[in-house]
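Participant: Just to be clear, the model below is a prediction. Sequence and coordinates:
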Amino acid sequence: MAGCGLLQITRKQQPYCQVDCGKYRVKGKTCKDGGQNPTWNETLFFQISNEAELLVTVFAEHQLSKDAAIGSAVIPIVQVRQTACEEARVPVMLKGKAAGVLHVALEFKGPTLTTFGQVGQMR
């Protein structure tokens, strides 16, 4: 997963993603000095049953205060499965305003398992 042109919350931004899918919530690793164009090289797994979407929230990690939300992106699972799309670019929004773009790779294995993975750096 990679971010492109993310809203800059702090000068030395260290972003991470939190992914929600139904009752599951997974926090990804922090991209140290990722700034506005982070790349996360990790794979997250989710059990999919009737969930319609993945919600990805990007945060800027703070050491001394609460982490700040950069924005959120919604990935429609049904649409991605129907188009057999393995990669998606989804807008990141914060309070109704554009806050960047996420580029994600998705892989569906069997009827219920989804791999939500990483892709290379966006240009």
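Facilitator: Yep, that arrived.
Participant: how about low-confidence regions in the chain?
Facilitator: For the chain, the stretches flagged by pLDDT under 70 are 1, 5, 10, 84-85, 110-123.
Participant: at 90 what do you get?
Facilitator: For the chain, applying pLDDT under 90 flags the ranges 1-13, 21-24, 32-37, 39-52, 62-65, 76-89, 103-123.
Participant: how about the helices in this structure?
Facilitator: 77-83 (DSSP state H).
Participant: Quick check: most distant residue from the centroid of it.
Facilitator: Distance from the centre of the chain peaks at residue 64, with 23.9 Å (CA atoms, centre = their mean).
Participant: In this structure residue 24 contacts residue 46, no?
Facilitator: Yes: using CB atoms under 8 Å, residue 24 is in contact with residue 46, at 5.5 Å. To be clear about C-beta, it is placed using only N, CA and C from the backbone, and glycine gets the same treatment.
Participant: Noted, bye for now.
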